[in-house]
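**Q** no sequence on this one, just coordinates:
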């Protein structure tokens, strides 16, 4: 053996001796390493089980090779290790400070220890909630989700299944007790040799996971692989489906790498800018016009798909009252909502403003700096009595801040209604507290119609404006026990969750949904009949639409507040007015068109704040664009429909989806790869619209002098 080899061997021996000496010298019974190793193993097994159980996870990403999926799990284990080490260091530091500096009198040390335990419990609840959200929606909790939920946590809780919530909270409490008490006590009782084996095993597993994560990094980003389909799929799966720890780290990395977005727009697009028009000037213009003082009623039905009405090819009579209205009015067969979720979609028919106002989830502020002129502001200025009756809680997303312009004579919604909410049927104590704190859930639509009828009966002979929001058709589709069901069973042998139910039960759920729409239609029919009895029918403009549609796994997801496919975005639009030519209208329409169309029917001058068009006095443009947005825990997407094509940009997946709506109305075939030029053209226009909206709402100077601009078609 050469001197060099001898020295190397000696060095290895000394190294091994030093490692063993470390274990001999360090009292592992007082160390956090052994308990931490056990906790790590517990989380690793939990992650493995959840990955195997949840079909949306990386384990079930069959477009990624099996070996690559194992590397993804290695990455999730490394991220788990990092989080546990940081959390352990933080709690150890707090407890050390507590022991050294906090006095023991009055139980202050015990209080700090209790706070640490509760913090651990809450962290575990957040961990469980993240997996629960992923199970139902395919998205973990990140900063955008927290921004979405933070303003209204109790209202979010209304839509969380009780059994899931109880399981998560209980499991988190058990885990917290195990991590803080049971596991450390068990580890301390073990022999020195057992503790050493635990730590060595943990070290080996972390080492193997580190190698696997490194190989995964090479697999996805070495050289040009980051631009290949395999590399892109691996990266997307890693970022979005590998577990909550990886998801949070990816979100944090995006935050660190975020640069201020350039909101400048290509000069090829023409922008229409419209100066502020004081309301008294509009009133003067209206006074000089030859207009009708007809009553106006705008009815918005929660989750109303277009295909539930006869005029839109429904094969059964789900909503006879609305179907009858369609025969008396104009049914626009190609109408889109602007968003897949209520807090963005509901206000658009009243404002004619696109709901995109921020690059992230938006909450309406009190006294916003930007101008907003809702349709009832205009009608109020010329002598109308105005009211809004909603079965929903308009505090959701702080919509109430946007709707409260000061022009409503009556504004009743679930938060201030004296009628019982759904919660009161099963939990009066919590429901009363929720109502008193203005966090109540929804009101049965029959009560909302009662309120509206009472208000109408209390008016004089002058014109009135009435907006209504119906909610019984919101999942889980509640109807009173005495309501005769015509489509679905009264009792189910499965649970309908917000965005998750057995896929093979989709038709049954759709039948239950149809019964809820039938119940809403019954209430709408009561309102219509009352108008006829009071001789108000013949001089009333009536609009019926849905805030958005509803999905039943047509594209792999259920409910709404999700991807902007047509089952969620296409809604009916029925407008009935005195003297209006009845029939079916195939032109492209959208929710921003409702307010200007109603104003046009009344013969009033158009208002410059509206971003939509008057559907009755504008020539159809075959190249008109429709824009849409989703910013929720389920999806961050933007969409455009133009010239028979639809482009969807998925911000999280970083991909474009292109569909030929004429040849493929079900949006089943993504043709983005075979139509790259069209993708670029539509993507440029969609991005220009997005920048225009965000740029305006981030610039107070623009808001002071003009209304939200329009991207001219």
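**A** All right, it came through fine. Here the structure is a predicted model, which means the values were calculated and not measured.

**Q** how much space separates the residue most central in space within the chain from residue 59?
**A** By CA atoms, centre = their mean, the mean C-alpha position of the chain lies nearest to residue 632, the distance being 2.5 Å. Distance, residue 632 to residue 59, by CB to CB, to the nearest Å: 25 Å. All C-beta spots, glycine's among them, are computed from the backbone N, C-alpha and C.

**Q** one step back: unless I'm mixing things up, the residue nearest to the centre of the chain is touching residue 562, no?
**A** Yes: counting by CB atoms under 8 Å, residue 632 does reach residue 562; the two are 7.0 Å apart.

**Q** ok, the residue nearest to the centre of the chain - contacts?
**A** Residue 632 sits next to 148, 340-341, 361, 561-562 when contact means CB atoms under 8 Å, 6 or more residues apart in numbering.

**Q** now tabulate those residues in CSV and tack on distance to residue 84 and pLDDT.
**A** Conversion of those to CSV gives the following (distance: CB to CB, whole Å; pLDDT from 0 to 100):
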residue, distance to residue 84, pLDDT
148, 27, 70
340, 37, 96
341, 35, 93
361, 29, 87
561, 33, 88
562, 32, 90
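
**Q** can you pull the contacts of the residue nearest to residue 184 when sequence neighbours are not counted?
**A** Counting by CB to CB, 6 or more residues apart in numbering, residue 184 lies nearest to residue 35, which is 4.5 Å off, once chain neighbours are set aside. By CB under 8 Å, 6+ apart, residue 35 lies in contact with 179, 183-184, 187.

**Q** out of the residues you listed, who's the most crowded?
**A** residue 179 (24 neighbours; other CB atoms under 10 Å).

**Q** and the helices in the stretch 301-450 of the chain?
**A** Under the criterion DSSP state H, counting those that start in this stretch, the stretch 301-450 of the chain contains helices at 320-328, 342-345, 348-351, 375-381, 399-403, 428-436, 445-457.

**Q** point me to the helix or strand that includes the residue nearest to residue 184.
**A** In this assignment (DSSP states H and E), residue 35 forms part of helix 33-53.

**Q** pull out the buried positions in the helix or strand that that helix is followed by.
**A** Following helix 33-53 in sequence order, the next helix or strand is helix 66-101 (DSSP H and E). Buried residues in helix 66-101, counted by 16 or more other CB atoms under 10 Å: 68-69, 71-81, 83-84, 87-88, 91, 94, 98.

**Q** quick check: domain ranges of this protein?
**A** Using automatic domain parsing, the domain ranges for the chain come out as 24-257, 271-619.

**Q** give the contact list for the nearest residue to residue 279 once chain neighbours are set aside.
**A** Distance criterion CB to CB, 6+ apart; nearest residue to residue 279, sequence neighbours excluded, is residue 381 at 5.4 Å. Each residue near residue 381 by CB under 8 Å, 6+ apart is listed here: 279-280, 282-283, 286, 407.

**Q** just residue 565 next, same as before
**A** Residue 565 makes contact with 551, 554-555, 648, 667, according to CB under 8 Å, 6+ apart.

**Q** swap in 6 Å and give it another go.
**A** 555, 667 (CB atoms under 6 Å, 6 or more residues apart in numbering).

**Q** ditto for residue 332
**A** With contact taken as CB under 6 Å, 6+ apart, residue 332 is in contact with 573, 585, 589.

**Q** look up which residues are beta-bridged to it.
**A** Beta-bridge partners recorded for residue 332 (DSSP bridges): residue 573, residue 585.

**Q** and the pLDDT for it?
**A** We have a pLDDT of 98 for residue 332.

**Q** can you offset everything so residue one is 438?
**A** Happy to do that; since the first residue is 438 now, the last one works out to residue 769.

**Q** picking up where we left off before, compare the contacts of residue 769 and tell me which is most surrounded.
**A** When neighbours are counted by other CB under 10 Å, residue 1010 leads these with 30 neighbours.

**Q** how far off centre is stretch 716-736?
**A** Remark: stretch 716-736 is offset 36 Å from the chain centroid, using CA atoms, centre = their mean, to the nearest Å.

**Q** in JSON lines: the contacts of residue 472, plus pLDDT, secondary structure and distance to residue 677.
**A** Listed next are the contacts of residue 472 as JSON lines, based on pLDDT from 0 to 100; DSSP: H, G, I helix; E, B strand; the rest coil; distance: CB to CB, whole Å:
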{"residue": "616", "pLDDT": "89", "secondary structure": "helix", "distance to residue 677": "28"}
{"residue": "620", "pLDDT": "89", "secondary structure": "helix", "distance to residue 677": "31"}
{"residue": "621", "pLDDT": "87", "secondary structure": "helix", "distance to residue 677": "35"}
{"residue": "624", "pLDDT": "87", "secondary structure": "helix", "distance to residue 677": "35"}
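
**Q** for those, which one is nearest residue 639?
**A** Nearest to residue 639 among the contacts of residue 472: residue 624, at 11.9 Å, using CB to CB.

**Q** start and end of stretch 783-802, how far apart?
**A** Chord length of stretch 783-802, first to last residue, is 16 Å (CA to CA, to the nearest Å).

**Q** pull out the buried residues from it.
**A** Here stretch 783-802 shows 783-794, 796, 798-801 as buried, counting by 16+ other CB under 10 Å.

**Q** excluding sequence neighbours, find me the nearest residue to residue 984.
**A** With CB to CB, 6+ apart, the residue lying closest to residue 984 is residue 782, at 4.4 Å.

**Q** ok, that neighbour - contacts?
**A** Contacts of residue 782 (CB under 6 Å, 6+ apart): 774, 776, 984-985.

**Q** go with 7 Å
**A** Contacts of residue 782 were listed using CB atoms under 7 Å, 6 or more residues apart in numbering, and they are 774-776, 792, 984-985, 1028.

**Q** and for residue 838?
**A** 801-803.

**Q** these into TSV, with extra columns for pLDDT and distance to residue 561?
**A** As requested, those are arranged in TSV below (pLDDT from 0 to 100; distance: CB to CB, whole Å):
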residue	pLDDT	distance to residue 561
801	93	33
802	92	33
803	92	35
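
**Q** need these in TSV (columns: distance to residue 731).
**A** Listed next are the contacts of residue 838 as TSV, based on distance: CB to CB, whole Å:
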residue	distance to residue 731
801	30
802	34
803	33
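
**Q** circling back: now render the contacts of residue 769 as TSV, adding distance to residue 551 and pLDDT.
**A** Output for the contacts of residue 769, formatted as TSV (distance: CB to CB, whole Å; pLDDT from 0 to 100):
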residue	distance to residue 551	pLDDT
1010	57	98
1022	65	97
1026	59	98
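
**Q** nearest to residue 827 among the residues you listed?
**A** Nearest to residue 827 among those, with distances taken as CB to CB, is residue 1010, at 19.4 Å.

**Q** distance of the closest one relative to residue 1002?
**A** 19 Å.

**Q** before we move on, what about residue 720?
**A** 43 Å.

**Q** that's a helix at residue 903, yeah?
**A** No: the assignment for residue 903 (DSSP: H, G, I helix; E, B strand; the rest coil) gives strand, which keeps it out of a helix.

**Q** so it makes contact with residue 889?
**A** Yes: counting by CB atoms under 7 Å, residue 889 is a contact partner of residue 903 at 6.2 Å.

**Q** weakest of the domains of the chain by average pLDDT?
**A** Minimum mean pLDDT among the domains of the chain: domain 461-694, a mean of 84.

**Q** how far does that domain sit from the chain's center?
**A** Put simply, domain 461-694 sits 25 Å off its chain's centre (CA atoms, centre = their mean).

**Q** measure the closest residue to residue 950 other than its chain neighbours to residue 921 for me?
**A** The shortest distance from residue 950 to any non-neighbouring residue, by CB to CB, 6+ apart, is to residue 914 (5.2 Å). Counting by CB to CB, the gap from residue 914 to residue 921 is 15 Å.

**Q** how about residue 898?
**A** Counting by CB to CB, the gap from residue 898 to residue 921 is 38 Å.
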